[in-house]
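>>> Let me see the structure of the following:
(one chain, ligands or ions: 1)
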Amino acid sequence: MTIRNRIALQFSLIVASILVAFSVLIYFVSATYRREEFYERLKNKGRTTVRFLVEVKEVDQELLKIIDRNTLTALIDEKVLIFDAHNRLIYSSVDDQVIHYNARLLEEVRQQKEIETFSGGNELVGILYQQNGRDLVVLSSAYDQFGKSKLDNLRLTLGWGLLGGLSITIGLGVFFAGQSLRPINRINEQVSAITARNLQQRLDEGNRRDELGQLAINFNDVLHRLEQAFEQQRNFVSHASHELRTPLAALKSEIQLGLRRPLTVPEHEKVLVNLLSDTDRLISLTNSLLFLARTLESIQSVPFQPIRTDDILFLAKDELLSAKPAYTIQIDYENIPNEETETLVNGNEGLLKQVMLNLLDNACKYSPDHTAQVRISTDDQYCRIAVHDRGIGISDADRQHIFESFYRAPNAMVYDGFGIGLSICYRIIELHQGTFTVDSQLHVGSTFTVSLPHV
Ligand code: ADP
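Numbering: from 1, shown residues only. Modelled structure (predicted):
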């Protein structure tokens with residue numbers, strides 16, 4: 001069942017229940033009111049008749065019958081019977097009918113003094129009249145044709161009203177449910193038109209305030225992130241191919257040069273040295289790409305454990321210095337940690353060491369003195385590692401892009417590198433719920449600060 005039909009059905013059921021309940025209530029209140037009013041009339045009639053008979057000497061039974069039959073208030077099938085203490089009928093308002101009465105009923109009246117009951121389709125009241133030591137039982141009955149036909153009319157009106165009300169409710173329910181779900185249908189159509197080829201398309205955000213507006217805004221956010229991810233992927237592939245093409249082209253031209261004419265042994269050696277350096281660059285690039293691919297692939301599933309950031313930093317320093325002994329790395333504590341745990345973070349040792357290695361390597365690589373100064377500081381929430389150098393610096397425009405894969409600032413082109421390291425570092429720090437900030441000035445130096453929440 002569609003949501004529209006479900007809403008319409010629920011709405012109709014609720015309104016129908018309310019309508020039925022109200023109709024039944026109105027009918028029963030009216031029926032009770034009619035019955036009570038009619039019983040009251042019958043009692044008055046019985047009392048008046050017995051008073052005329054007993055208290056007014058001038059009125060005899062014949063005159064009373066004539067009065068009874070000709071009053072304006074005379075009712076259909078009306079009967080007034082009066083019995084004495086020995087259940088003898090002493091007055092009957094009708095002559096031509098056989099009169100049935102029930103001794104038990106008369107006894108009941110004597111006990112309860114007043115009863116309201118039915119006889120056939122007629123309402124019947126019995127009252128005990130006590131005057132001057134005489135106990136008379138008056139039975140008064142009639143058929144309330146006027147009241148009952150009014151009640152029939154009411155039932156008919158309520159029935160048709162109910163039917164009409166229900167039809168209108170169902171119609172309105174379907175209409176309004178359709179109206180309120182129309183924006184969803186529109187969103188649905190727009191979403192189904194979005195494919196990997198047109199991710200730049202956005203949903204109509206309507207008034208941006210109601211639930212559907214919010215849904216469209218959130219969906220557009222997801223689309224934006226998806227588009228960025230696709231874009232990054234595309235850039236990654238094109239950058240990777242470009243990076244691979246350059247050393248391959250260099251390799252080819254070296255080989256062509258070597259083949260053009262017979263070479264002397266020193267010339268051969270020169271060509272081979274060039275080939276070796278280009279091949280090294282290729283190997284190093286493929287290793288970086290492989291590392292990037294593996295890191296991104298497994299980054300979500302690496303094991304985490306409490307590790308000391310300063311220990312990792314010293315490990316990275318040792319590793320880097322053993323590979324590049326010309327570098328100088330100075331590590332200082334800005335403040336003595338209040339507690340041991342202030343440098344303890346929950347993380348992956350291998351990944352965090354990779355971040356430190358990259359930052360230290362960059363600092364030494366991009367500064368003429370090949371020196372990196374590291375400061376460790378802590379507060380009650382974070383452990384910070386700031387890697388500072390007095391190197392070439394980064395311009396404001398380049399700073400926006402250095403965390404993108406393969407991006408290299410123009411002033412860094414003369415140095416070795418592929419522009420992959422910082423993009424990996426950024427993802428690793430993000431995974432550790434930390435932050436990365438860069439403070440840099442061209443020709444003066446740079447400071448890369450990593451903040452990690454400690455345990
Ligand atoms: P790579 O160093 O291999 O080029 P990275 O991803 O580590 O790749 O760095 C990206 C870019 O950021 C570098 O090409 C460079 O332009 C800039 N950069 C990074 N660290 C420094 C630094 N310490 N000083 C100046 N520029 C830097």
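>>> Please make it C-alpha for all contacts and neighbour counts, starting now.
Will do.
>>> so D361 sits in a helix?
Yes - D361 sits within a helix when classified using DSSP: H, G, I helix; E, B strand; the rest coil.
>>> Let me see the contact set for the closest residue in space to it that isn't next to it in sequence.
Excluding the flanking residues, the one nearest D361 by Cα to Cα, 6 or more residues apart in numbering is L320, at 7.2 Å. Neighbouring residues of L320 by Cα atoms under 8 Å, 6 or more residues apart in numbering: L357, L360, D361.
>>> quick one: which of those residues has the most company?
Of all the contacts of L320, the highest neighbour tally under other Cα atoms under 10 Å goes to L360, namely 28 neighbours.
>>> Test my guess that it contacts A372.
Yes - counting by Cα atoms under 8 Å, L360 does reach A372; the two are 6.2 Å apart.
>>> Now do the shared contacts for the two.
I329, V387.
>>> hang on, the earlier thing: now the residue nearest to D361: how far from the ligand?
According to Cα to the nearest ligand atom, to the nearest Å, L320 stands 14 Å off from the ligand.
>>> Which helix or strand contains that residue?
helix 309-323 (DSSP states H and E).
>>> Tell me where this structure has strands.
Secondary structure of the chain by DSSP state E: the strands cover 76-83, 89-92, 114-119, 122-131, 134-143, 305-308, 328-333, 344-347, 371-378, 382-389, 435-441, 445-453.
>>> Residues of the chain that sit close to the ligand?
362-363, 366, 391-394, 402, 407-409, 412, 417-423, 446 (Cα under 6 Å from any ligand atom).
>>> Not counting its neighbours along the chain, what's nearest I194?
Q201 (6.8 Å).
>>> no no, A250
D278 (7.1 Å).
>>> is it true that that neighbour touches A249?
No - with contact defined as Cα under 8 Å, D278 does not reach A249; the gap is 9.6 Å.
>>> So for those two, which sits in the more crowded spot?
Between D278 and A249, counting by other Cα under 10 Å, D278 is the more crowded of the two (19 against 12).
>>> Endpoints of stretch 440-455, how far apart?
Start and end residues of stretch 440-455 are separated by 30 Å (Cα to Cα, to the nearest Å).
>>> which residues are contacting it?
So stretch 440-455 is in contact with 306, 341-346, 359, 363, 367, 381-395, 429, 432-439, going by Cα under 8 Å, 6+ apart.
>>> filter those residues to the buried ones?
Buried residues within the contacts of stretch 440-455, counting neighbours by 16 or more other Cα atoms under 10 Å: 341-346, 359, 363, 367, 382-394, 429, 432, 434-436, 438.
>>> In stretch 284-304, which residues are buried?
Residues of stretch 284-304 classed as buried by neighbour count (16+ other Cα under 10 Å): L285, S288, L289, L292, T295, I299.
>>> Of the residues you listed, which is the nearest to T328?
Taking Cα to Cα as the measure, T328 lies nearest S288 of the buried residues of stretch 284-304, at 24.0 Å.
>>> Assess the claim that the closest one and I420 are in contact.
Yes - with contacts counted by Cα under 8 Å, S288 reaches I420, the gap being 7.2 Å.
>>> Throw the contacts of L320 into CSV and include pLDDT, thanks.
Shown next, in CSV, are the contacts of L320 (pLDDT from 0 to 100):
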residue, pLDDT
L357, 95
L360, 97
D361, 97
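>>> Dump those to JSON lines, plus distance to Y33.
Shown next, in JSON lines, are the contacts of L320 (distance: Cα to Cα, whole Å):
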{"residue": "L357", "distance to Y33": "95"}
{"residue": "L360", "distance to Y33": "97"}
{"residue": "D361", "distance to Y33": "98"}
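>>> burial count for the residue in the stretch 101-250 of the chain that the ligand sits nearest to?
Residue of the stretch 101-250 of the chain nearest the ligand, by Cα to the nearest ligand atom: E243 (11.8 Å). When neighbours are counted by other Cα under 10 Å, E243 registers 16.
>>> Quick check: pLDDT value at it.
Per-residue confidence (pLDDT) for E243: 80.
>>> Low-confidence ranges, the stretch 51-200 of the chain, go.
Within the stretch 51-200 of the chain, the segments meeting pLDDT under 70 span 56-61, 64, 68-77, 95-100.
>>> so where do the helices sit in the chain?
For the chain, the helices defined by DSSP state H occupy 3-55, 61-70, 103-112, 145-192, 211-260, 265-298, 309-323, 349-365, 396-399, 421-431.
>>> residues of stretch 248-256 that come out buried?
Judged by neighbour count using 16+ other Cα under 10 Å, the buried positions of stretch 248-256 are L248, L251, E254.
>>> Quick one: the residues you listed as TSV, columns for distance to F230 and pLDDT too.
Shown next, in TSV, are the buried residues of stretch 248-256 (distance: Cα to Cα, whole Å; pLDDT from 0 to 100):
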residue	distance to F230	pLDDT
L248	27	89
L251	32	89
E254	37	87
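>>> what's near enough to touch the residue of the stretch 251-400 of the chain found nearest the ligand?
Per Cα to the nearest ligand atom, A363 is where the stretch 251-400 of the chain lies closest to the ligand, at 3.9 Å. Applying Cα under 8 Å, 6+ apart to A363 gives the contacts H370, T371, A372, V387, H388, D389, G391, S446.
>>> ditto for Y91
Y91 sits next to Q61, V80, L81, I82, F83 when contact means Cα under 8 Å, 6+ apart.
>>> bridging residues for it?
Beta bridges link Y91 to I82, judged by DSSP bridges.
>>> How much space separates it from the ligand?
Plainly put, Y91 is 121 Å away from the ligand if you go by Cα to the nearest ligand atom.
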